[in-house]
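Colleague: below are the sequence and a predicted model for it; my questions follow.
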Number of protein chains: 2
Amino acid sequence: MLLALAGGVGGAKLAHGLSRVLRAEDLAIVVNVGDDFEHLGLYVSPDIDTVVYTLAGIANPDSGWGVAGETWSFMDALATLGGETWFRLGDRDLATHIERTRRLAAGTPLSDVTRHLARRLGVAPAVVPASDDPIRTFVATDEGEMEFQHYFVRRHCAPRVSRLSYRHAAAARPAMVGGQRWTAMEVTGVIICPSNPYLSIAPILAMPEARAWLERRRFPVAAVSPIVAGRALKGPAAKIMAELGEEPSAVTVARFYAGLVDLFIVDTNDGALAGEIRALGMEPVVLDSVMNSLDDRQRLAREICALPVFAESRL
Amino acid sequence: MLLALAGGVGGAKLAHGLSRVLRAEDLAIVVNVGDDFEHLGLYVSPDIDTVVYTLAGIANPDSGWGVAGETWSFMDALATLGGETWFRLGDRDLATHIERTRRLAAGTPLSDVTRHLARRLGVAPAVVPASDDPIRTFVATDEGEMEFQHYFVRRHCAPRVSRLSYRHAAAARPAMVGGQRWTAMEVTGVIICPSNPYLSIAPILAMPEARAWLERRRFPVAAVSPIVAGRALKGPAAKIMAELGEEPSAVTVARFYAGLVDLFIVDTNDGALAGEIRALGMEPVVLDSVMNSLDDRQRLAREICALPVFAESRL
């Protein structure tokens, strides 16, 4: 069993590739919940939805969120009624939020709700929220501290970030999957997907049990850099790095994971960074890591699974 | 100021006519809330929405509920997710329920929420929920007692009705409009629209203050029969009458309103019932009361407003 840690778009792409090269029972994808929030009275889980829609093959390929062939009657009508429209919820997507919210309100944990919704959409591998407890990413900026979605969507990442915090993470526990916490699952390896380390992976590792699970690992861990040639493939990772006083570079990501990761995968563009990565105590692996097509996703997943440390997880 | 009491489709038609022949400030429409219910975590007010959509000119002319040009992406997606689909919520309509629910959850009374939504849709006269307190119509049937929408929509009025009850009505109070309860408004007359007396008007009059307001009236009250030639123009009124042991007839409706109504308006088809209606202590008025077109709505409204007792409300 391989376990992948993922956030939104980039993480979902590699998770999708993994889901096509591994048997469903050999893969579990643990997804960030730090971006979750309540909006219009609905519980919205952006990263879970991106992962589920992507693995279901219904993700909108252009936007990086929502479903393909979406319609927008609800948002149009909501605008007429003077409702809040800065966070766009498509008509189809809305069914996910309403059904999730209804089930949560009935007392079902997020992990069970997620399993139900993923199964209904035909997603075979386990998609596991990092926690059934709330973890909320807050962004301290030059315009004050704000909830993640207000920074990310409402303000389009414009404010200058000075600090990130993961509220309630210290008290949150890893979600249950098949009767045990995901940190207790027997895994042959862990892959940290090319997601934003600060926004997607840090909220997961901010849970004490999750961090200890990686620190005391008896399994190999590989991380894939979301920064290629000093630029983020998607999202504000590079901008935030610079604002936090770090150089936007795969090495900065590697330093973030030092002590938790054994192999660090960089793109062929960043092969020259191998020495710096090795100096951080990680084995550098150079692969073609930019995923522009479904073929790219499968190829990268296959190459990662073929690494000697993961060989026993191969098909 | 004329005050109209209304339920769904039939009531909305006459209210629409009245809204086109009276100045906005000369009309208030008090709408049944006994059909309201919580569905998918949303607060749904079917009669209020039918009245508002009808007066806004956006009602679906075929279904009797919802909006014209509706799309159904949400319901399709909800079905895929295994959600409850027996009560159909269109994508545009959903904006009303989500915005209403959000505002109610923030502590805004239903009357204020309704005023806001109606204004956004361009509805000028006051549309007032009968109460800001819950009133819930329950239907005792040969299949047990059920919430109104479960009887009406889920079971398509198939169960045999033995009794209707209006839960919480004894404790409910008339909603506020402009700083006073609607029963305290200075009115020159009241029109009970051609709505189902048991399902649409009775829940309103089940509030002690509303019933006393009609009993002690110092203004003329006219009711329009929703039964024409022994048949309900829309909905289960005639079927329920028969099941309750009453003859489906305008006279049965008149008997229901005895003591509360001064003029009883029947269709030209029912002119022969004038004597029976007079025997119940009401002045019978025979008008062409079937509204098949917008012209019909306006004509009937104009004829009612032109009745001598209402003459001072005329344009």
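Modeller: Received, thanks. Numbers count the residues shown, from 1 in each chain, chains lettered A, B, ... in the order given.

Colleague: stretch A:150-158: end-to-end distance?
Modeller: By C-alpha to C-alpha, to the nearest Å, the extent of stretch A:150-158 from end to end equals 11 Å.

Colleague: next, the buried residues of that stretch.
Modeller: When burial is assessed from 16 or more other C-beta atoms under 10 Å in any protein chain shown, stretch A:150-158 yields the following buried residues: A:150-153, A:157. Where you see a C-beta, it was placed from the backbone N, CA and C, and this is true even at glycine.

Colleague: now do it, average pLDDT.
Modeller: Average pLDDT, stretch A:150-158: 92.

Colleague: contacts for it next, please.
Modeller: Contacts with stretch A:150-158, where a contact means C-beta atoms under 8 Å, 6 or more residues apart in numbering or on different chains, come from A:35, A:86-87, A:139, A:141, A:143, A:146, A:159, A:161, A:235-236, A:239-240.

Colleague: who touches A:Ile191 in this structure?
Modeller: Contacts were defined as C-beta under 8 Å, 6+ apart; by that measure A:Ile191 touches A:2-5, A:14, A:18, A:221-224, A:304, A:310.

Colleague: surely it is within a strand?
Modeller: Yes - applying DSSP: H, G, I helix; E, B strand; the rest coil, one finds A:Ile191 inside a strand.

Colleague: ok, and the closest non-adjacent residue to A:Ser282?
Modeller: In this structure residue A:282 is Met, not Ser. Nearest residue to A:Met282, sequence neighbours excluded (C-beta to C-beta, 6 or more residues apart in numbering or on different chains): A:Phe264, at 4.3 Å.

Colleague: show me what contacts that neighbour?
Modeller: Residues near A:Phe264 by C-beta under 8 Å, 6+ apart: A:222-223, A:225, A:250, A:253-254, A:257, A:277, A:280, A:282-285.

Colleague: same list (the residues you listed) but as a markdown table, adding secondary structure.
Modeller: Converted to a markdown table, those look like this (three-state DSSP):
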| residue | secondary structure |
| --- | --- |
| A:Ala222 | strand |
| A:Ala223 | strand |
| A:Ser225 | coil |
| A:Ala250 | helix |
| A:Val253 | helix |
| A:Ala254 | helix |
| A:Tyr257 | helix |
| A:Ile277 | helix |
| A:Leu280 | coil |
| A:Met282 | coil |
| A:Glu283 | strand |
| A:Pro284 | strand |
| A:Val285 | strand |
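
Colleague: which two in those are spaced the farthest apart?
Modeller: Comparing every pair within the contacts of A:Phe264 by C-beta to C-beta identifies A:Val253 and A:Glu283 as the most remote, at 15.0 Å.

Colleague: the two: who's more crowded?
Modeller: A:Val253 (27 against 16; other C-beta atoms under 10 Å in any protein chain shown).

Colleague: now do the contacts for that one.
Modeller: Contacts for A:Val253 (C-beta under 8 Å, 6+ apart) come out as A:197, A:223, A:225-227, A:264.

Colleague: tell me the one of those nearest A:Gly57?
Modeller: A:Gly57 has its nearest neighbour among those in A:Pro226, at 22.7 Å by C-beta to C-beta.

Colleague: pretty sure that closest one contacts A:Ile192?
Modeller: No - here A:Pro226 does not reach A:Ile192: they are 9.6 Å apart, not a contact under C-beta atoms under 8 Å.

Colleague: the stretch 101-250 of chain A: helices as residue ranges?
Modeller: Secondary structure of the stretch 101-250 of chain A, counting by DSSP state H, counting those that start in this stretch: helices at A:110-120, A:148-149, A:202-205, A:208-215, A:237-243, A:250-257.

Colleague: measure A:Val161 to A:Ile304 for me?
Modeller: As defined by C-beta to C-beta, to the nearest Å, A:Val161 lies at a distance of 30 Å from A:Ile304.

Colleague: now do the contacts for A:Ala95.
Modeller: A:Ala95 makes contact with B:74-78, B:80-81, B:83, according to C-beta under 8 Å, 6+ apart.

Colleague: pLDDT of stretch A:110-119, averaged?
Modeller: The average of the pLDDT scores along stretch A:110-119 is 98.

Colleague: and that stretch, C-alpha only, in CSV?
Modeller: In CSV, the C-alpha atoms belonging to stretch A:110-119 read as follows (Å, rounded to 0.1, in the frame of the first residue of the first chain):
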residue,chain,number,x,y,z
LEU,A,110,-16.0,13.9,6.9
SER,A,111,-14.0,10.7,6.1
ASP,A,112,-17.2,8.7,5.7
VAL,A,113,-18.9,11.4,3.7
THR,A,114,-15.9,11.6,1.5
ARG,A,115,-15.8,7.9,0.9
HIS,A,116,-19.5,7.9,0.0
LEU,A,117,-19.2,10.8,-2.4
ALA,A,118,-16.0,9.4,-4.1
ARG,A,119,-17.6,6.0,-4.5
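
Colleague: neighbouring contacts of it?
Modeller: Contacts of stretch A:110-119 with the rest of the structure, by C-beta under 8 Å, 6+ apart, involve A:33, A:45, A:48, A:52, A:55-56, A:96, A:99-100, A:103-104, A:126-129, A:131-132, A:175-177, B:81-82.

Colleague: do the same with stretch A:303-311
Modeller: Counting by C-beta under 8 Å, 6+ apart, the neighbours of stretch A:303-311 from elsewhere in the structure are A:2, A:14, A:18, A:21-22, A:188-189, A:191, A:220, A:222, A:224, A:262-263, A:265, A:285, A:287, A:313-315.

Colleague: can you pull the buried residues of that stretch?
Modeller: Buried residues in stretch A:303-311, defined by neighbour count with 16+ other C-beta under 10 Å: A:303-305, A:307, A:309-310.

Colleague: so which pair among these is furthest apart in space?
Modeller: The distance between the two most remote of those (C-beta to C-beta) is 12.8 Å, for A:Glu303 and A:Val309.

Colleague: what about the residue lying closest to A:Ala237 once chain neighbours are set aside, how many residues nearby?
Modeller: Nearest residue to A:Ala237, sequence neighbours excluded (C-beta to C-beta, 6+ apart): A:Asn196, at 4.5 Å. Counted with other C-beta under 10 Å, residues neighbouring A:Asn196 total 25.

Colleague: same deal with A:Leu94?
Modeller: 25.

Colleague: ok, it to A:Glu145 distance?
Modeller: Remark: distance between A:Leu94 and A:Glu145 (C-beta to C-beta) = 29 Å.

Colleague: rewinding a little: among the contacts of stretch A:110-119, name the buried ones.
Modeller: Burial by neighbour count, 16+ other C-beta under 10 Å: within those this picks out A:33, A:45, A:48, A:52, A:55-56, A:96, A:99-100, A:103-104, A:126-129, A:131-132, A:175-177, B:81.

Colleague: those residues in strands, which ones?
Modeller: With DSSP state E as the criterion, strands contain A:126-129, A:176-177 from among those.

Colleague: adding distance to A:Arg299 and pLDDT, write those out as a markdown table.
Modeller: Supplementary listing: these in a markdown table, determined by distance: C-beta to C-beta, whole Å; pLDDT from 0 to 100:
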| residue | distance to A:Arg299 | pLDDT |
| --- | --- | --- |
| A:Ala126 | 23 | 97 |
| A:Val127 | 22 | 98 |
| A:Val128 | 25 | 98 |
| A:Pro129 | 28 | 98 |
| A:Met176 | 33 | 94 |
| A:Val177 | 28 | 92 |
